[in-house]
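Asks: model this:
(2 chains)
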Amino acid sequence: MPHNESYYYTAYVVATVIYVAYAAGLLFRWNRVKARLPGKDE
Amino acid sequence: MKPTPLTIAALAAVVVTYIRAIFFTPIEAVQGPVQKIFYIHAPAAWVAFMAFGLVALASALYLWLREDRLDRIAESSAEVGVVFTTVVLTTGPLWGKPVWGAYWTWDARLTLTLFLWFIYVAYLVMRGALDDRAMRARYSAVLGILGALLIPFIHLSVYLFRTLHPRPIVMKPSAPSLPSEMLTTLLLAFGAFTLLYIALLRARYRYAVTRDGANPAEEHRAS
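Replies: Residues are numbered from 1 along each chain as shown, chains lettered A, B, ... in the order given. Model prediction:
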């Protein structure tokens, strides 16, 4: 099975995209609820 | 949310793991480069099991002590666990296609892992659907505990059933059956992704605390 590099690269890219997308979504949600905190401008 | 030393350490560890796995770990003789998927697939599975194990533990403690923070820990760990299980379920087929000739096969380990993912996605959906805070925490705790009962079956499925999935080569009673360069990379990956899990869990828990602080009086949905 010599020519299977594309699966390997794809797996690393897909895994990275999943982690980054989750972290970005979490940051987005955190900023949204932070804005709703009474008296918090941070 | 500012990056903490833990977050920076986790990101650095993952980057080092990627570099070592891609550039400094030998290519396996039979499978070729695709075997390197192992270094992101197996640690993600380990972390997912750990995450759902924590869900079960925090849920059991919640049912006993009724402390909101235990419910938040369970909720946070379940969400992060689903992310890692999603990585398992996407990288696995990308490894399976060139090695097995198929992206997916309905054998015991793959099917049970998919069930596990469905259970904890349902857990998160249920949390979003229940407005009553106490009821949501109680129902979630029960589902969180029941879902984690699948984990030992998934681990043992390769012994109990005929399956294409290979048996454990590290987490087994005898010594790991890997060359030392590959074993070092794998152990580094286990450490890096465990650190990433802890960083994501902490961030998700802080989000839950902030969310509950933003809505102290009203019942909120766990979105």
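Asks: for residue B:9, grab the count of nearby residues.
Replies: Residues within reach of residue B:9, counting by other C-beta atoms under 10 Å in any protein chain shown, total 15. Yep, even glycine has a C-beta here, placed from its N, CA and C like the rest.
Asks: correction: residue A:25
Replies: 11.
Asks: per-residue confidence at it?
Replies: For residue A:25, the pLDDT comes out at 97.
Asks: gap between the strand or helix carrying residue A:34 and the chain center?
Replies: Assessed by DSSP states H and E, residue A:34 sits inside helix A:5-36. Distance of helix A:5-36 from the chain centroid (C-alpha atoms, centre = their mean, to the nearest Å) equals 1 Å.
Asks: now do the same contact list for residue B:28.
Replies: B:35, B:36, B:182 (C-beta atoms under 8 Å, 6 or more residues apart in numbering or on different chains).
Asks: list the beta-bridge partners for it.
Replies: residue B:32 (DSSP bridges).
Asks: re earlier: could the contacts of residue B:28 go into a markdown table alongside distance to chain A, pLDDT and neighbour count?
Replies: As requested, the contacts of residue B:28 are arranged in a markdown table below (distance: C-beta to the nearest C-beta, whole Å; pLDDT from 0 to 100; neighbours: other C-beta atoms under 10 Å in any protein chain shown):
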| residue | distance to chain A | pLDDT | neighbour count |
| --- | --- | --- | --- |
| B:35 | 8 | 92 | 21 |
| B:36 | 5 | 94 | 25 |
| B:182 | 15 | 92 | 19 |
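Asks: nearest to residue A:35, of those?
Replies: For those, the residue nearest residue A:35 by C-beta to C-beta is residue B:36; the value is 42.1 Å.
Asks: correct me, but the closest one touches residue B:22?
Replies: Yes: Residue B:36 is within contact range of residue B:22, at 6.8 Å (criterion: C-beta atoms under 8 Å).
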